[in-house]
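Trainee: mind looking at a prediction? Sequence and model below.
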Amino acid sequence: RATDGFALYIDGARFLPDAVTVTRVTGRIFDSSYNQIGPDISTGIDLSSNIFQPLYNYNVEIRNPAVPPSATLLLKLYSLDRFGFTLVLIGWAALNLFVESGTHRAPAADSQGIQVSLNEGAHQLRMYHSGPATDQPFSVGALTSA
């Protein structure tokens, strides 16, 4: 049900570029019109973890308000530049929170009356250099086509 809620976990990152130092993940959940759903996401870091495979051990429960089927998680990975000591954006990642039941396909932004399921499981997300294309409804496709 739309009011049940779900837990979001950000465990860590892997295969980071050689130039990274201390990293942090931030993010938000958006509907297809770029309206934010739920709280801002901002991880800490386990300082004893490997710089190139940092552990964040972050979790948040999303319970209210009801999350629309087209909701998409947008994450940004930041690092402290080792030479200029400034915060730099390493990349963007996105995950559709729901799929059409029985498939791995994200529901369309304007779809009505279709059965959806939580896109549950462990996901390893690809990072992209540029952000989502803002001239189309927000989805994973808006990031991968930019």
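Mentor: Alright, I've got the coordinates.
Trainee: dump the residue contacts of N96.
Mentor: The contact partners of N96, by C-beta atoms under 8 Å, 6 or more residues apart in numbering, come to 70-73, 106-107, 119, 139-140. For glycine as for every other residue, the C-beta is placed from the backbone atoms N, C-alpha and C.
Trainee: who wins on neighbours among those?
Mentor: T72 (27 neighbours; other C-beta atoms under 10 Å).
Trainee: what distance separates the start and the end of stretch 69-89?
Mentor: Length of stretch 69-89, first residue to last, C-alpha to C-alpha, to the nearest Å: 29 Å.
Trainee: ignore what I typed, I meant stretch 50-59.
Mentor: End-to-end for stretch 50-59, by C-alpha to C-alpha: 20 Å.
Trainee: buried stuff in it?
Mentor: 54-56, 58 (16 or more other C-beta atoms under 10 Å).
Trainee: and stretch 126-144, by the same measure?
Mentor: 132, 137-143.
Trainee: ok, which pair from those residues is furthest apart?
Mentor: For the buried residues of stretch 126-144, the farthest-apart pair by C-beta to C-beta is P137 and L143; their separation is 12.0 Å.
Trainee: what segments of this protein are strands?
Mentor: 6-12, 23-30, 36-42, 55-62, 72-80, 87-96, 98-100, 116-118 (DSSP state E).
Trainee: related to what we said a few turns ago, sort out for me which of the contacts of N96 are in helices.
Mentor: V140 (DSSP state H).
Trainee: show me the two of the contacts of N96 that sit farthest apart.
Mentor: The widest separation within the contacts of N96 (C-beta to C-beta) is 14.5 Å, between L73 and P107.
Trainee: ok, how many other residues are close to H104?
Mentor: 8.
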